[in-house]
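[1] Fold the stuff below for me.
(2 chains)
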Amino acid sequence: MPIIASSQAQPEYDVAIVGSGAGGGQMAYTLTLAGLKCVMLEAGRAYDPGTESAMFQRPDQIPLMNAPTPGKPYGFADATIDGGWEVPGEPYTQASTKAEEQFWWWRARMLGGRTNHWGRISLRNGPYDFKPRSRDGLGFDWPITYADVEPYYTKVEMLVGVFGSNEGLENTPDSPPGVLLPPPKGRAAELYAQKHAKKIGMPIISIHRAVLTKLLDADTLPAKLHPGNPRAQKIVADSMRARAACFWATDCHRGCNIRANYQSTTVHLPPALATGNLDIIPNAHAREVTLGKNGKATGVLYIDKTTGREARVKAKAVVLAASSAESVRILLNSKSAPHPQGLANSSGLVGKYITDSVGVSVSGHVPALENLPAHNEDGAGGPHFYAPWWLYTEQHASRLDFARGYHTEFNGSRSMPGGRNPLSDDLGRGAYGTKFKEEARRYYGSFVGYTARGEMVPNEFCFADLDPAVKDKWGIPVLRWHWKWTDQELNLAAHAIKSYTALIEAMGGKVRGTPKSPRDAIAAPGKVIHEVGGALMGADAKKSVCNGWNQTWDVKNLFLCDAAPFASNSDKNPTLTIMALAWRAGDFIVEQARKGNL
Amino acid sequence: MKWFAAAAAASAIPEFTAGTATPNLGAATPPATKGYGTDTNTAGYFKPGDVWPLTLPAAQRKLVTALADVILPADHLGPAASEVHVPEMMDEWISAPYPDQQKDRAKILPGLQWIEDESHKRFQKSFTALTSVQQHAICDDICTRTGVKKEFSKGAEFFGVFRNLAASAYYSTEPGWHALGYVGNVPLTQFDGPPREVLEKLGVTQTVV
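    Now for the predicted structure:
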């Protein structure tokens, strides 16, 4: 079974999966290796990072030196095709005309979805992150605990390959011994920050990222991942052997044709396809979940984009993993007489309590880093170090004016030049000629950047509903966004700005640019591309959309396996948790199928 | 004035006007492209002109070349801008249909005219025909953002945009990388982190073993 056209679909499948990214990829992997027959609908075209990744192209070999454009918001060579904050023919609308109340919604219409453009930062939620309301009285608790998810974090880390270290820090979980791959060596600016951050009490440690710093152990891992399933073990071992370790060059965002980092298309989909149990239909834009008389989902109605016509797949169970807001849109568009508000929406909460990461960046110039001897710091194509949130005690004692934390990501200093002026106009005192080139060389590597990824507290002002008038080019009603930051987010942003200023000054440096107010500094809603929620999981069917198995309360054979069920958006990047919960829900679906409950 | 005739011969320039005391560079043909779209051939290797036509007429291109080489000359840190296709990359940039690039185009094209006018005013010659000392005399008046005399403010604004773009292009190339001290983009079997001399200079030790 392979990538097929709409017309080649089987009459019925065990499970229809909408979306091919982290959630859909993991679900297809789990189900097909357990023997279930699946069909996957992907709204974009098929895509093969093996032949389509820009690897060693210099900026002078890339149109516009790889500068962002409306069609390619991260530049020509970025792995995301047919995606971005604007997708031609697929608009979304805003309830407010104020910029700060407008949400930028990123879509990736391609096989692998949003796993094609991401930093591979793979942090586990900690115990507090599943029970935030119990801790500070705000937002919502998840109906599951860290202990419920821990085995799946471990399995995902073993499968995809995540480097990092175990530091035993509060709410920053260690992995079991031997699970993480070795962390890469620190870079000059990272080590220098790590040393001087001690003055301000900020811990700087190895980050966790889904990049193979050495080959996966294909001889032992498959048996741990799939005990008692020799066929799955063989398929997974073959897939692991087809991946190479990182060769310490090129930006992960371009994709990786040696499969050294995680993309759904290099890690999840090849073994799923190798089982023979998966059909992938690209260019299939899901519109509605179809419903039988018994109230169960019967499949998915979609637009076959190659013909523009409606088509259907039938299945005994449906998994939506279309990305959180797209899954919300599908549910809201799945209206019927018994479900006039859309499917799985008896609580009225579909689309509600969407959260995004609070993003704030501060950059600085550190004279100690000037004129360093030339050396190669490409490393693992992204940050090697980060600072986890460290003020849990102060926060718990109400000594801070915001309830949730942030972690800090490091931006490269000796990263690949090109496409930008290394000596901006405020430096170099107007230099041109040889003087300019000397100044540029002197400053190269001396700029540091720190970016916060902070936890937003869910609020009732941040949600998406269907626009009553606007439809996309396929005639499907589009999402309308509503957004408001609260003091929680603005105070967090202010704290991050202060911390990074202190860090840069502790390094003997100076912040670049004029300081911004938190309201101006905070990344526009959606710009961090970490939106989660909209169909929260909970313990009470009246107050949530799905249960702790990602299963909707209203429709027992309908599961939401992207970030839509996230009851909170911890400061940890969502992808690893999406995968862990999808694997866990997948095991639950397999068990239900074996019991004949689907 | 030779470049002038050459320009007219090289391409049809719609808004071309001749016969003024100071040669009018004219408006370059506006980009006739919608851009490269959303589904790009990411793994390809490209050069300027591959994804849309370059639009700078020869006269402007010559002036861009001369000024880029004043800003990024051949010296102990590497070749001149024109030796590494910086003018072509700049042409590709201002020939792009996108808003950011169009904004730069709207500053660079009149700026080129400004510098040519200034050159004729001071030295009765095209900027491209000036001696290095004469070229520097003009650039020195416009190379900073602050403290510029009022009559040079337009030139200074142009110079900043031009220098940004020229440097963006120059440091996109292998010789540009060498000039900065960037030595990556090569596959390695292992990553050792910064060498000892770097660690010593910074007073740090490698904390990842």
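
[2] what sits up against stretch A:376-383?
    The contact list for stretch A:376-383, computed with Cβ atoms under 8 Å, 6 or more residues apart in numbering or on different chains, reads A:119-121, A:163, A:184-185, A:187-188, A:190, A:207, A:209, A:211, A:213, A:246, A:248-253, A:256, A:261, A:409-416, A:445, B:183-186, B:188, B:191, B:194. (C-beta placed from N, C-alpha, C; glycine too.)

[3] What about those, which are in helices?
    A:188, A:190 (DSSP state H).

[4] From the contacts of stretch A:376-383, list just the buried residues.
    A:119-121, A:163, A:184-185, A:187-188, A:190, A:207, A:209, A:211, A:213, A:246, A:248-253, A:256, A:261, A:409-410, A:412-416, A:445, B:184-185, B:191, B:194 (16 or more other Cβ atoms under 10 Å in any protein chain shown).

[5] Tell me which of those residues fall in strands.
    A:409-410 (DSSP state E).

[6] CA atoms only: put the longest strand anywhere in chain A into CSV for me.
    Longest strand in chain A by number of residues (criterion: DSSP E): strand A:309-320. This file holds the C-alpha atoms of strand A:309-320, laid out as CSV (Å, rounded to 0.1, in the frame of the first residue of the first chain):
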residue,chain,number,x,y,z
ARG,A,309,-14.9,17.2,-6.3
GLU,A,310,-16.1,15.8,-3.0
ALA,A,311,-15.0,12.3,-2.1
ARG,A,312,-15.4,10.1,0.9
VAL,A,313,-13.4,7.4,2.7
LYS,A,314,-15.2,5.0,5.1
ALA,A,315,-13.6,3.8,8.3
LYS,A,316,-14.6,2.2,11.6
ALA,A,317,-12.8,5.0,13.5
VAL,A,318,-11.7,8.5,12.6
VAL,A,319,-8.6,10.3,13.9
LEU,A,320,-8.3,14.1,13.4
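
[7] Run the chain-centre distance for it.
    Relative to the centre of its chain, strand A:309-320 is centred 25 Å away, using Cα atoms, centre = their mean, to the nearest Å.

[8] Please identify the buried residues of that strand?
    Applying 16+ other Cβ under 10 Å to strand A:309-320 flags A:311-320 as buried.

[9] And stretch A:476-492, by the same measure?
    A:476-483, A:485, A:488-492.

[10] what's the span of that stretch from first residue to last?
    End-to-end distance of stretch A:476-492 (Cα to Cα, to the nearest Å): 38 Å.

[11] For stretch A:42-58, buried residues please.
    A:42-47, A:49-50, A:52-55, A:57-58.

[12] Quick one, grab the pLDDT at the closest residue to residue B:83 other than its chain neighbours.
    Once flanking residues are discounted, residue B:83 sits nearest to residue B:74: 6.9 Å by Cβ to Cβ, 6 or more residues apart in numbering or on different chains. Confidence at residue B:74, expressed as pLDDT, is 98.

[13] in chain B, which residue is closest to the centre?
    residue B:166 (2.9 Å; Cα atoms, centre = their mean).

[14] isn't that residue right up against residue B:93?
    No. Counting by Cβ atoms under 8 Å, residue B:166 stays clear of residue B:93, with 10.1 Å between them.

[15] can you list residues touching both of these two?
    By Cβ under 8 Å, 6+ apart, no residue touches both residue B:166 and residue B:93.

[16] Pull out the buried residues from the helix or strand containing residue A:584.
    Element membership of residue A:584, judged by DSSP states H and E, is helix A:575-594. Within helix A:575-594, the residues scored as buried using 16+ other Cβ under 10 Å are A:575-590, A:592-593.

[17] I'd like to check the angle between it and strand A:309-320, please.
    90 degrees (axes from the mean of the first three to the mean of the last three Cα atoms, to 10 degrees).

[18] how much distance is there from helix A:575-594 to the middle of the chain?
    Taking mean C-alpha positions (Cα atoms, centre = their mean), helix A:575-594 and its chain are 17 Å apart.

[19] picking up where we left off before, biggest separation within the buried residues of stretch A:476-492, which pair?
    The two members of those with the most space between them (Cβ to Cβ) are A:476 and A:491, at 38.8 Å.

[20] circling back: kindly reformat the buried residues of strand A:309-320 as a markdown table and extend each row with distance to residue B:152 and pLDDT.
    Formatted as a markdown table, the buried residues of strand A:309-320 follow (distance: Cβ to Cβ, whole Å; pLDDT from 0 to 100):
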| residue | distance to residue B:152 | pLDDT |
| --- | --- | --- |
| A:311 | 65 | 98 |
| A:312 | 69 | 98 |
| A:313 | 68 | 98 |
| A:314 | 73 | 98 |
| A:315 | 71 | 98 |
| A:316 | 75 | 97 |
| A:317 | 71 | 98 |
| A:318 | 67 | 98 |
| A:319 | 65 | 98 |
| A:320 | 61 | 98 |
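
[21] Looking at those residues, which is nearest residue A:136?
    So of these, ranked by how close each gets to residue A:136 (Cβ to Cβ), first place is residue A:320, at 30.5 Å.

[22] From the buried residues of stretch A:42-58, pick the one nearest residue A:98.
    residue A:43 (30.1 Å).

[23] For the lengthiest helix in chain B, which helices and strands make contact with it?
    Taking DSSP H as the criterion, chain B has its longest helix at helix B:99-123. Judged by 3 or more Cβ pairs under 8 Å, 6 or more residues apart in numbering or on different chains; DSSP states H and E, helix B:99-123 is in contact with helix B:58-71, helix B:86-94, helix B:132-142, helix B:153-170.

[24] If we use 6 Å, what do you get?
    helix B:86-94, helix B:153-170 (3 or more Cβ pairs under 6 Å, 6 or more residues apart in numbering or on different chains; DSSP states H and E).

[25] for these, which one sits closest to chain A?
    helix B:153-170 (4.1 Å; Cβ to the nearest Cβ).

[26] Next one: that closest one, is it in contact with chain A?
    Yes. Using Cβ under 6 Å from any Cβ of the partner chain, helix B:153-170 reaches chain A at B:160, B:164, B:167-168.

[27] So for whichever residue of the stretch 101-250 of chain A sits closest to chain B, what pLDDT did the model give?
    When you check the stretch 101-250 of chain A against chain B by Cβ to the nearest Cβ, the closest residue turns out to be residue A:185, at 3.0 Å. Listed pLDDT for residue A:185 reads 98.

[28] contacting residues for it?
    B:191, B:193, B:206, B:208 (Cβ atoms under 6 Å, 6 or more residues apart in numbering or on different chains).

[29] Next, residue A:15: secondary structure please.
    Secondary structure assignment for residue A:15 (DSSP: H, G, I helix; E, B strand; the rest coil): strand.

[30] and it, how many neighbours?
    27 (other Cβ atoms under 10 Å in any protein chain shown).

[31] surely it meets residue A:320?
    No. At 11.4 Å, residue A:15 does not count as touching residue A:320 under the criterion of Cβ atoms under 6 Å.

[32] low pLDDT regions in the chain?
    Since you didn't name a chain, this refers to chain A. A:1 (pLDDT under 70).

[33] Not quite, go with chain B.
    Along chain B, segments meeting pLDDT under 70 span B:1-23, B:25-30.

[34] Please report phi then psi for the spatially closest residue to residue A:434 that is not a sequence neighbour.
    The shortest distance from residue A:434 to any non-neighbouring residue, by Cβ to Cβ, 6+ apart, is to residue B:75 (4.5 Å). When quoted as degrees, to the nearest 10, the phi and psi of residue B:75 stand at phi -160, psi -160.

[35] before we move on, back to that, going by neighbour count, which of the residues of helix B:153-170 next to chain A comes out on top?
    Busiest of those [other Cβ under 10 Å] is residue B:167, holding 27 neighbours.

[36] so that one touches residue A:420, yeah?
    No. Using Cβ under 6 Å, residue B:167 makes no contact with residue A:420, being 8.2 Å away.

[37] re the thing from before, give me phi/psi at the residue nearest to residue B:83?
    Given degrees, to the nearest 10, the pair of backbone angles that residue B:74 has is phi -70, psi 130.

[38] ok, back up a step: out of the buried residues of strand A:309-320, which is nearest to residue B:40?
    Looking across the buried residues of strand A:309-320 and measuring by Cβ to Cβ, the closest to residue B:40 is residue A:311, at 28.4 Å.
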